Every structure is written in structure tokens, then in C-alpha cells.
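Colleague: when you get a sec, could you give me coordinates for this:
(2 chains)
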Amino acid sequence: MNGEGRAAAFRLTDTTLRDGSHAVSHRFTEEQVRAVARALDRAGVPVIEVSHGDGLGGSSFNYGFSATDERELLAAAAEEISAAKLAVLLLPGIGVAEDLKVVRDLGASVARVATHCTEADISPQHIGMAKDLGMEAVGFLMMAHMIEPRALAKQARIMEEAGADCVYVTDSAGAMTVPDARARVAALREALSCEVGFHAHNNLSLAVANSLAAVEEGATQIDGCLCGLGAGAGNCPSEILVAVCDKLGIPTGVDPLAMMDAAEEVVRPLMPRPQVIDRSGLLLGYAGVYSSFLLHAERAAERFGVDAKDILIELGRRKVVGGQEDMIVDVALDLSKRAGAG
Amino acid sequence: MRDGRVPCAVLGTGNIGTDLMEKLLRSPVLELRAMVGIDPESDGLARARARGLEATHEGIDWLLAHADEFRLVFEATSAKVHLRHAPRLREAGLVAIDLTPAAVGPAVVPPVNLREHLGEPNLNLITCGGQATVPIVHAVTRVCPVPYAEIVSTVASRSAGPGTRQNIDEFTQRTARGLERLGGAARGKAIIVLNPAEPPILMRNTVYCALPEDADRDAVARSVEAMVAEVASYVPGYRLKSPPLFDDGPFETPGGRAAARVTVLLEVEGAGDYLPTYAGNLDIMTASAVRVGETIARERLAAEVPA
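Modeller: Numbering: from 1, shown residues only, chains lettered A, B, ... in the order given. Reported below is the predicted structural model:
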């Protein structure tokens, strides 16, 4: 393999067991988590994220209840891995800093703290707690397509000052074109002395391209999911990213063939539906809507007899942000009233 | 008591204190006599002077030197400051209505439990999310048991001040406990989302309550609607976005398996007294504080002191 033996150009964080939780409506079983974690660890993936799709404490009416408590899933994953680090996601406002104590004791050593791209100042409490607990802290600026690169870099500085070891440009809506991704990563790279990361969604079919562009601009942490399993049209497919990097001579430290096996034999069989870019998925990227809204919008569309497409467009128009899943029912109700009145 | 109204003061002349001032000036029960701050340049003090009120930047020391001129004090500073003020106000015999998260006194939500605490020296208003959602949970639990209640408050980014931002866990944790202890749910969870959209969005709240199989849905809906009307009597911009929605489960909630749930979508538009109308989250705090003060004045203090 090209690039073997050289230091990895970036650190791959596989979030099949966190972002992928959206695609299975938060119904991962302990057995599935064990199998995925084991396969990722064997393939040499350095960081594996396990949490409810909406982060610690996300199990709720609003986002969907976990079939199995995320703490049990974390403990199971911890037993299966030898070299990989275990990561968790936390959205301040949904989870609380104290949740980090519990997961640290279960074996998590990387805390990823996510806020909307303009609200970084709600994260220092949680980033500080992660550092106090001896964890690595990663800031996650979601829906990063919504603000300009310089404004995003300013928000990233808040996370760095709070102690973050890395700050991510998070394309939660899969709405960035390659130049969008490049400009944002470059702006953070210039403004920060800590690491910069990139988290893609594939709604515009650009997840791999954007991740590669991010690496070229100096990102040293990249997220992916096996089979792309994740919210919306899915994430950057880890096995494809690793294979492409291998062909390009970009060292990842991850075994491409083992990743292909893990994707095909472990994850594909558990997927409720193929991770494709259908009209709704494409619309998320096109209209800049939070990817996790997809399945919620489809359910609301069915319930209120309206089109999921119209719900997604209206959510984009109202500039709804991550976490506002309750707005989907609100919008569907308004649309059905409007249709009734017409 | 020049006209039979109960004399009061506001401690803190920032956005909240100033909005409170505008509301208190309309009260038929309370007589706002002083705005007490520490910043002589504050807009709140300038407005107070323009209204002909006593406006001082000498802080609580001034207030305590004039303690016998007041009965009620609204604390609109910060939790840290109120923790220092609370024992001094109490010693001076002044009733404190606390809008900060200090939680020195019992948490009150006017239509839910205020009557139980009318005699307290210090009353706390929990959080904006608590004031907006605890009444709804209470409206459901007075009809049937609620094993689990969950709320989502979404507020405009511009209306979330530095205090909230630095300690957002305090909001989620205190609101969740309010859903349990005051609302009556066996388990509670609270979520807050900040939305930066321009123009700013109105405060929105979604309340989900898990329901037992045999819950009387019509009675739940009627109880919720009656409660919304009661809150709207002191927070005029508080309203339902749609009639309560019922779904069949089962739902695996932290309070156990529930057969069904009710979802209540609420919007709070501020009165626009000093704060902008989108800041319904702040308006519901000041409006609730006035309600608490007026109720105490009517039911406790009026009986003590002849007009």
C-alpha cells in the first residue's frame, strides 16, 4: 500500500456508532456495537465515536429514544477495542458536563463538544470539564456553512481558548461545495494553533471530495462512517475515504481492505435502507438543512399528509438549527393547514 | 403606602430590571418607588429618573438604609450577587422575589404552587423555560399520572445573556427538576436550543408528556387549554401554536414504557415593554415576577398594614 509506514496525514474518527445512530433511529443493539467497534479497531481506525446521534443525553421524545442506553453501548465498545480511542459527542443544552464523568469512567477519552456555529460560547463549561477529567477535548462547530469563514474562525477561537485540542468545521447540512469547505478549513487553520478537523455529509455527493480538500488545507482530523451510515444522505464513507487516500499516497494508518470488509460484512447487513442521495437527501444539502431532520421530516410528512420535500424547504427558509426537531411537526402542521385552507 | 399599594424596589438596572420597572409602573397593587443599581450611567437608571422614581447607583447599601420604606424587593442582578444580598434583605424584613438562578428560596410558578409559598421571605422563579413549561406539565398531571415529561425551549440567540451561556447546564438541570417537583412528572428532562436567525425568532416551547393508556385525552386537552389561558392572564403573549397533539406509542421513556404521549407547542411573544418582543423568554420572567409580587401584596401584606 502507498503511504504505509509513514505518519498518518490525518486522524480518522469513525462515527458510525454515533452519527450512524440517526440512520437506525437510535436502535443500535449491543451486539451490533461490539461487531462494528471490533472491526474498526482491527482495521486500525484510531478513534471510534459512540453516543446517541444527538450526543450524550440525546435519548428523548424530541430526538428519539435509544433502544439501548448509550452507556451500555459505550461499555461494550470499550471491551472490544485495543488500540483505538473511544470518543463521545455532547451538545450543550441537550447533555450536561457531568455526563462526561460517567463516560470517562466507562473508557471514553475524547469528548467532542458541539454547538451551532454561532454559539461557541456555550461550550467552555463542557470543554473545561473534559480537560479537568483528563480527556482530549474537540470543539464541533455545526451547520458551519451558515456563516462566513472569518466569523467561523472567531467562534473557533472561543473553543480553543476554552481548552479545545482541535476544532471541527462541521458541515451538518452537507451543504458545502469544495471551495466552501476549503475556505472554512483554511480560515480556522490560520486563526488557531490547535488542530482543525472536518466533518462532512454526503447530501451533495461531495463528502469525500470535501474531506480531501480539508486535508489539503491543513485539517488533521477527519470524520467518516462505514457505508456513510449517518444522518441525511450519510457521512463521508470511511472505507471509501481510506481507499482513495491510499491511491493518492496520503497515509492514514488504516487498512483499506479491512475497512471494505467491515463496511460490507458488518455494517451493510444492519442498515434499514441503503444510504443513497434521494431527493430529500439532496434537498438537505441544497437548502442547507440539518441532516438529522430527514427521517423526522419523513415521519411528519406521513402523519400530516404533506410532502417531506415541502417540510425541508420550509425548515431551510426558517433557518432552523440543529436540535430543533420539534419545529418539524410545527412546520408540517402549518403546511397541512395551508393545504386545507387552499 | 400612599395609595394603598405595596411599596417595592428593583435591585439591578440592566435589561431585566428595566423591563420589570415598566411592568411595575402599571401595577394597581404594587408601587415601584426605587430602582437600585451600581452603574450611574446605566440606561435603566436614566429611565427611572425620567419616570420620577428614586434612582440610585449606591446599590443594596442604599436600599438597606431605607429598608423601612419598602416591603418587596425584586432581585434582577445575578445569582452570585443575590447570594450575597439574600441574607441582608431577609434581616431587613424585605421579601425577595428572585429572578436570578440563585435558588435561595423555594421555586415558584404562579398558577402551580405560589399559594404554598406566600409566607416565604425569598421566592425564586426557576428559569424562563420552567415558567413556560411547568404549568403545562402540571395541567396534565392534575388529570392523570405523567411518568416522564420533556421540554424543549428554543430562544433567540440575542435574548440569551452571558449568564445563561456560561452555565447552560444550570438551565437544563433546574428546569428538569422543576418539571418533576412542581410539574409533578415522575421524571423530567429539559433541552434548550439557541437560534441565531435574523430577524430573531419568538421564544418557542414544546412540552411532551408520557401518558398512561387510560388517560382521558379530552380532559388533558381541556386542562392544558385552561392552563394556557391562566398563564396568558399575566403573560399576554403566551399561546398555543396548535391544539394539543396525541400520539400512540408505546414509548420507552426514562420513566418506563408509556402507551401514549401528548405534545403541546407553545409560543411566547414578549410585551415589548423594554425588551424586544422576540425575547418572550425574558418577558415571561418579568411578568411572572410581577404576578408573584402582586399576589403576595394582595394576600399577605395587605392584611398586615392598613392603607
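
Colleague: residue B:111 contacts residue B:227, doesn't it?
Modeller: Yes: between residue B:111 and residue B:227 there is a contact at 6.5 Å, judged by CB atoms under 8 Å. Quick note: C-beta positions are derived from backbone N, CA and C, even for glycine.

Colleague: please, which helix or strand holds the closest residue to residue A:30 other than its chain neighbours?
Modeller: Using CB to CB, 6 or more residues apart in numbering or on different chains and skipping residues adjacent in sequence, the residue nearest residue A:30 is residue A:76, 4.8 Å away. Assigned by DSSP states H and E, residue A:76 falls within helix A:70-80.

Colleague: mind listing what's buried in that helix?
Modeller: Neighbour-count burial for helix A:70-80, counted by 16 or more other CB atoms under 10 Å in any protein chain shown, picks out A:70-71, A:73-78, A:80.

Colleague: which one of those residues is nearest residue B:91?
Modeller: The nearest member of those to residue B:91, counting by CB to CB, is residue A:71 at 46.7 Å.

Colleague: who's in contact with that closest one?
Modeller: Neighbouring residues of residue A:71 by CB atoms under 8 Å, 6 or more residues apart in numbering or on different chains: A:102-103, A:106.

Colleague: who's in contact with residue 197?
Modeller: With no chain named, the answer covers chain A. Counting by CB under 8 Å, 6+ apart, residue A:197 makes contact with A:13, A:138, A:166-169, A:219-223.

Colleague: actually it's chain B I care about, not the one you picked
Modeller: Applying CB under 8 Å, 6+ apart, we find residue B:197 in contact with A:318-321, B:156.

Colleague: can you pull out the helices in the chain?
Modeller: In the absence of a named chain, chain A is used. Under the criterion DSSP state H, chain A contains helices at A:20-23, A:30-43, A:70-80, A:98-105, A:124-132, A:149-161, A:178-191, A:207-216, A:238-248, A:256-261, A:279-287, A:293-304, A:308-317, A:326-341.

Colleague: the intended chain is chain B.
Modeller: B:15-24, B:43-50, B:59-65, B:79-91, B:110-113, B:128-141, B:162-166, B:168-181, B:217-232, B:280-296, B:302-304.

Colleague: ranking the ones you listed by burial, who's on top?
Modeller: helix B:128-141 (a mean of 28; mean count of other CB atoms under 10 Å in any protein chain shown).

Colleague: which positions in chain B make contact with chain A?
Modeller: B:150, B:152, B:154, B:157, B:162, B:165-169, B:171-173, B:189, B:191-197, B:204, B:206, B:208, B:210, B:241-242, B:245, B:251-254, B:261, B:263, B:265 (CB under 8 Å from any CB of the partner chain).

Colleague: quick one: residue B:185 from chain A, how far?
Modeller: 12 Å (CB to the nearest CB, to the nearest Å).

Colleague: right, and that residue touches residue B:148 too?
Modeller: Yes: between residue B:185 and residue B:148 there is a contact at 6.3 Å, judged by CB under 8 Å.

Colleague: so for the two, which residues contact both of them?
Modeller: In contact with both residue B:185 and residue B:148: B:209, B:255, using CB under 8 Å, 6+ apart.

Colleague: buried sites along the longest strand belonging to chain B?
Modeller: If you go by DSSP state E, chain B has its longest strand at strand B:256-268. Within strand B:256-268, the residues scored as buried using 16+ other CB under 10 Å are B:258, B:260-268.

Colleague: what residue ranges in the chain score low on pLDDT?
Modeller: Since no chain was named, I'll use chain A. A:1-5, A:341-342 (pLDDT under 70).

Colleague: try chain B instead
Modeller: If you take pLDDT under 70 as the line, chain B has these spans: B:1-2, B:301-307.

Colleague: flag every residue of the stretch 1-150 of chain A that's near chain B.
Modeller: Applying CB under 8 Å from any CB, one finds that the stretch 1-150 of chain A approaches chain B through A:57, A:59-62, A:65, A:67, A:92-94, A:96-98, A:116, A:118-119, A:121-122, A:124-126.

Colleague: number of residues surrounding residue B:144?
Modeller: Counted by other CB atoms under 10 Å in any protein chain shown, the residues lying close to residue B:144 total 17.

Colleague: whoops, residue A:148 was the one
Modeller: Count around residue A:148 with other CB under 10 Å applied: 11.

Colleague: same question for residue A:130.
Modeller: Using other CB under 10 Å, residue A:130 is surrounded by 28 other residues.

Colleague: quick one: it from chain B, how far?
Modeller: Taking CB to the nearest CB, one finds residue A:130 at 13 Å from chain B.

Colleague: ok, now residue A:166?
Modeller: 22 Å.

Colleague: pretty sure that residue sits against residue A:139.
Modeller: Yes: Residue A:166 lies in contact with residue A:139 (CB under 8 Å); the separation is 7.2 Å.

Colleague: please name the nearest non-neighbouring residue to residue 93.
Modeller: In the absence of a named chain, chain A is used. Using CB to CB, 6+ apart, the nearest residue to residue A:93 is residue B:192, at 4.4 Å.

Colleague: you answered for a different chain; I wanted chain B.
Modeller: Nearest residue to residue B:93 in three dimensions, chain neighbours excluded: residue B:67, at 6.8 Å (CB to CB, 6+ apart).

Colleague: that neighbour and chain A, how far apart?
Modeller: 37 Å.

Colleague: can you check residue B:116 too?
Modeller: From residue B:116 to chain A the distance is 29 Å (CB to the nearest CB).

Colleague: so what's that residue up against?
Modeller: Contacts of residue B:116 (CB under 8 Å, 6+ apart): residue B:106.

Colleague: ok, residue B:216 next?
Modeller: Counting by CB under 8 Å, 6+ apart, residue B:216 makes contact with B:143-144.

Colleague: could you report the separation of it from residue B:223?
Modeller: 9 Å (CB to CB, to the nearest Å).

Colleague: between the two, what contacts are shared?
Modeller: residue B:143.

Colleague: just to revisit the earlier point, highest mean neighbour count out of the helices of chain A?
Modeller: helix A:20-23 (a mean of 29).

Colleague: what's the nearest residue to the residue of chain B most remote from its centre if we skip its chain neighbours?
Modeller: For chain B, the largest distance from the centre (CA atoms, centre = their mean) belongs to residue B:250, which lies 33.6 Å off. For residue B:250, ignoring the flanking residues on the chain, the nearest one in space by CB to CB, 6+ apart is residue B:257 at 5.2 Å.

Colleague: thinking again about what came up before, surely the residue nearest to residue B:93 and residue B:92 touch.
Modeller: Yes: using CB under 8 Å, residue B:67 is in contact with residue B:92, at 4.0 Å.

Colleague: give me every residue that touches residue A:330.
Modeller: Counted by CB under 8 Å, 6+ apart, residue A:330 has contacts B:204, B:241-242, B:265.

Colleague: and residue B:185, by the same measure?
Modeller: By CB under 8 Å, 6+ apart, the residues touching residue B:185 are B:137, B:141, B:146-149, B:179, B:209, B:255.

Colleague: likewise for residue A:195?
Modeller: By CB under 8 Å, 6+ apart, the residues touching residue A:195 are A:165-167, A:220-221.

Colleague: that one pairs with what?
Modeller: Counting by DSSP bridges, residue A:195 is bridged to residue A:166.

Colleague: follow-up on the earlier one: identify whichever of the helices of chain B lies nearest to residue A:239.
Modeller: In terms of CB to CB, the element of the helices of chain B nearest to residue A:239 is helix B:168-181, at 37.0 Å.
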